Structures are given as C-alpha cells and as structure tokens.
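>>> A structural model of the following input is requested.
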Amino acid sequence: MAKKETSGIVVSNKMNKTIVVAVKKQIPHKKYGKIITKTNKYYAHDSFNECCIGDRVKIQEIRPLSKNKRWNLIELITKK
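Numbers count the residues shown, from 1 in each chain. This next block holds a predicted model:
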C-alpha cells in the first residue's frame, strides 16, 4: 500500500518537533457544482525544527506518533 503524500503551507511551528500544515483542495459542491476551496490542517513531525510559518512543505502519511500526529515532513519545497 502506497503512503499518501501531499503539500501545503506551514501555519504554526510553536510546538517542539511538530508543525501544522494547511492543505487546500478544490472540490465541486455536491448540489450546485460550484468549485469550493476546502482546507484541512495536519500535524506533521519536523524532527529538526527547520520549518517556519509560510514555508511550503511536502508531507507523507505515517503511523500515529501521538494523539493527533500522523504525518511526517519529507522536504522543504520553498522557504519564506
């Protein structure tokens, strides 16, 4: 089974070795068909505390590390 990968923008880095990544996706409304932007926030493991707010990152799904943390930082795409 392949692990899911996605990219998003870091919205918080206040926790130790953890970042919060906002991932936006565009989906059509079920009834009206209008394109809507949905945002999901994921807690990701940042082992070296290298990310800052506004950075674009790529994350990958992993086994649960804590109550909310189920993603791992793969790479820092762009630095703010």
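>>> Can you tell me the SS state at the nearest residue to N13 once chain neighbours are set aside?
Among residues not flanking N13 along the chain, I19 sits closest, at 5.0 Å (C-beta to C-beta, 6 or more residues apart in numbering). C-beta here means a position set from N, CA and C on the backbone, and glycine is covered the same way. At I19 the chain is in strand, as set by DSSP: H, G, I helix; E, B strand; the rest coil.
>>> residues contacting I19?
Listed by C-beta atoms under 8 Å, 6 or more residues apart in numbering, the contact set of I19 reads V10, S12, N13, Y43, A44, D46, C51, V57, L73.
>>> secondary structure element for the fifth one?
With elements delineated by DSSP states H and E, A44 resides in strand 35-45, which encompasses its position.
>>> what does that strand rub up against?
For strand 35-45, using C-beta under 8 Å, 6+ apart, the contacting residues are 6, 8, 11, 17-29, 57, 59, 62, 65-66, 68-73.
>>> For the protein, give me the ranges with low pLDDT.
Within the chain, the ranges that satisfy pLDDT under 70 run 1.
>>> how close does the nearest residue to K69 once chain neighbours are set aside sit to E61?
Nearest residue to K69, sequence neighbours excluded (C-beta to C-beta, 6+ apart): Y43, at 4.4 Å. From Y43 across to E61, the span is 12 Å (C-beta to C-beta, to the nearest Å).
>>> E5 too?
Here the criterion is C-beta to C-beta. By it, E5 lies 8 Å from E61.
>>> got it, and I19?
The value you get for I19 to E61, if C-beta to C-beta is used, is 15 Å.
>>> ok, now which ones touch the residue nearest the centre of the chain?
Among the residues of the chain, the one closest to the centroid is V21, at 3.3 Å (C-alpha atoms, centre = their mean). For V21, the contacting residues are G8, I9, V10, V11, K41, Y42, Y43, A44, V57, I59, W71, by C-beta under 8 Å, 6+ apart.
>>> between those, which is nearest T78?
Among the contacts of V21, V57 lies closest to T78 (C-beta to C-beta), at 8.7 Å.
>>> Thanks again, I'm all set now.
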